[in-house]
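K.L.:
task: produce atomic coordinates for the following.
(one chain, ligands or ions: 2)
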Amino acid sequence: MTPDPHTSPVLAIGLMSGTSLDGVDAALIETDGQRVRRLGHAVTVPYAPDFRERLRAVLGDRGDVAGAARELTLRHGEAVGRLLDLAGVAAADVAVVGFHGQTILHRPADRLTRQIGDGALLAKLTGITVVDDFRSADVAAGGEGAPLVPVYHRALAAGLERPLAVLNIGGVANVTWIGPDDDLVAFDTGPGNALVDDWVMATTGRPFDEGGSLAAAGRVDGDVLKRLLAHPYFTRPAPKSLDRDELGRREWAHLSPADGAATLAAFTVEAVAAGQDLCPAAPSRWLVGGGGRHNQVLLDGLRQRLGVPVEPVEAVGWDGDALEAEAFAFLAVRSLRGLPLSLPRTTGVPQPMAGGRTWPAGGR
Ligand SMILES: Nc1ncnc2c1ncn2[C@@H]1O[C@H](COP(=O)(O)OP(=O)(O)OP(=O)(O)O)[C@@H](O)[C@H]1O
Ligand SMILES: CC(=O)N[C@H]1[C@@H]2OC[C@@H](O2)[C@@H](O)[C@@H]1O[C@H](C)C(=O)O
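P.N.:
Ligands and ions are numbered 1, 2, ... in the order given. Below is the predicted model:
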């Protein structure tokens, strides 16, 4: 029987440029948009420091947004090229590229979210159909527009124990709770690495706290931590989402570099612990993806606070650096097939919501 091109598994590439502004992750998967048949190669193309600064300068939707969007798109085109070379796959064999873009503004309460990147240009550069603008439809319908990875986490986690929590510690941290009937609850827990990164850069000139060594040498300032956790975000019910710098009010400016790193790491951990109380039932296991899983202070803190196994996602054979990029490959296939990207309990959208905008390979 000939496979149905509308429902059979296809090769898809996902591209994610996250809130850490550190680079673009690209990943290849094979999926029908419901199940993941195969995980393929993945690459990261790091951004040079001057491009990071140009991206940082357009956060808040100001400055040379068009220039940054164009350069970002070129970097993404480069990532696709490298991934295809590595995988030994021809562009013509890839059905779609899921292009998340770079979030430069996220204010769902005002029905605003903006991811920059030029989908038409990327389709032209790669010769592959591109899906972008994943969050707008959800936000326009009254949803948070984030997180969107939960449906992918659920597909990947088929067969694992429940209730399961999949935690991503990127610039911002977000959790997917997967219940006994495969029901989902998701939200951003609070800070991930972005505050620590900015602090470590400002006080030591290094881009992040390698392994958590600076935090390990410091002492948590209980008063500062208490003030940080008093932010109204932490008592808001789920679903909820954050903009990168929404929590940054610099209460910690007077601390030593090590004490600041320790206090901000504790902030990330305590925000996750607060998030556990928003889950319908306490997860029996936490799987951690994103760059924060390399920070030992974060992982040790989570283990202490959560009291159940907390492991990097590699424990179940996933790639913690590629998970979000893979998710946007999966979501792009779902978008082409009209399947929902978000659900009432993942983004607060009134009904399961489709989304994404398609730029055909041939250009039109
Ligand atoms: N070896 C390491 N030790 C400590 N921290 C690390 C290490 N490697 C990466 N990180 C942290 O992980 C961050 C990058 O994480 P990741 O790539 O998951 O974020 P992102 O995808 O940009 O963010 P988001 O998921 O919020 O969109 C770095 O900025 C750094 O803080
Ligand atoms: C608006 C936006 O870009 N949010 C990101 C960010 O980075 C982590 C967290 O905040 C999450 O909500 C989301 O990304 C992931 C990929 C998501 O949508 O699931």
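K.L.:
and the helices in the stretch 51-200 of the chain?
P.N.:
Along the stretch 51-200 of the chain, the stretches classed as helices by DSSP state H, counting those that start in this stretch are 65-87, 119-126, 136-140, 150-156, 194-204.
K.L.:
now the second one: mean pLDDT?
P.N.:
On average, the pLDDT along helix 119-126 is 98.
K.L.:
what lies in contact with that helix?
P.N.:
70, 73-74, 76-77, 80-81, 91, 97, 99, 129-133, 357, 359-361, 363 (C-beta atoms under 8 Å, 6 or more residues apart in numbering). Yep, even glycine has a C-beta here, placed from its N, CA and C like the rest.
K.L.:
ditto for the third one
P.N.:
Residues external to helix 136-140 that are found in contact with it (C-beta under 8 Å, 6+ apart): 108, 111-113, 144-145, 148, 341-342, 347, 349, 353-357.
K.L.:
any part of it near ligand 2?
P.N.:
No. Judged by C-beta under 6 Å from any ligand atom, helix 136-140 and ligand 2 are separated, with a smallest distance of 9.1 Å.
K.L.:
and the stretch 251-364 of the chain, which of its residues are near ligand 2?
P.N.:
Checking the stretch 251-364 of the chain against ligand 2 by C-beta under 6 Å from any ligand atom, the hits are residue 324.
K.L.:
show me the helices in the stretch 251-364 of the chain, by range?
P.N.:
257-276, 296-306, 323-336, 344-347.
K.L.:
looking at those helices, which one is packed in the most?
P.N.:
helix 323-336 (a mean of 28; mean count of other C-beta atoms under 10 Å).
K.L.:
quick check: mean pLDDT across that one?
P.N.:
pLDDT averaged over helix 323-336 gives 98.
K.L.:
how far off helix 65-87 does it point, in degrees?
P.N.:
Going by axes from the mean of the first three to the mean of the last three C-alpha atoms, to 10 degrees, helix 323-336 is angled at 100 degrees with respect to helix 65-87.
K.L.:
for residue 184, see how far away the most centrally placed residue in the chain is.
P.N.:
Nearest to the mean C-alpha position of the chain, by C-alpha atoms, centre = their mean, lies residue 324 at 5.3 Å. Using C-beta to C-beta, to the nearest Å, residue 324 is found at 16 Å from residue 184.
K.L.:
next: residue 100.
P.N.:
Look at residue 100 and residue 184: by C-beta to C-beta, they are 20 Å apart.
K.L.:
repeat that for residue 126.
P.N.:
Distance from residue 126 to residue 184, by C-beta to C-beta: 31 Å.
K.L.:
which one of the two has more residues nearby?
P.N.:
Shown here are residue 126 and residue 184; by other C-beta atoms under 10 Å, residue 126 has more neighbours (21 against 18).
K.L.:
so how far is ligand 2 from the more buried one?
P.N.:
Here the distance between residue 126 and ligand 2 works out to 21 Å (C-beta to the nearest ligand atom, to the nearest Å).
K.L.:
residue 109 too?
P.N.:
As judged by C-beta to the nearest ligand atom, residue 109 and ligand 2 stand 13 Å apart.
K.L.:
neighbours of that residue, just the number please.
P.N.:
Using other C-beta under 10 Å, residue 109 is surrounded by 8 other residues.
K.L.:
who are the contact partners of it?
P.N.:
Listed by C-beta under 8 Å, 6+ apart, the contact set of residue 109 is empty.
K.L.:
rewinding a little: quick one: buried ones out of the contacts of helix 119-126?
P.N.:
73, 76-77, 80-81, 97, 99, 129-133, 359, 361 (16 or more other C-beta atoms under 10 Å).
K.L.:
domain parsing for the protein?
P.N.:
10-144+322-359, 150-316 (automatic domain parsing).
K.L.:
list the contacts of residue 182.
P.N.:
Counted by C-beta under 8 Å, 6+ apart, residue 182 has contacts 154, 162.
K.L.:
backbone dihedrals for it, please?
P.N.:
phi 70, psi 20 (degrees, to the nearest 10).
K.L.:
report the separation between it and residue 176.
P.N.:
In terms of C-beta to C-beta, residue 182 sits 11 Å off from residue 176.
K.L.:
in JSON lines, list the domains of the chain along with distance to residue 4.
P.N.:
Below are the domains of the chain laid out as JSON lines (distance: least, C-beta to C-beta, whole Å):
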{"stretch": "domain 10-144+322-359", "distance to residue 4": "10"}
{"stretch": "domain 150-316", "distance to residue 4": "19"}
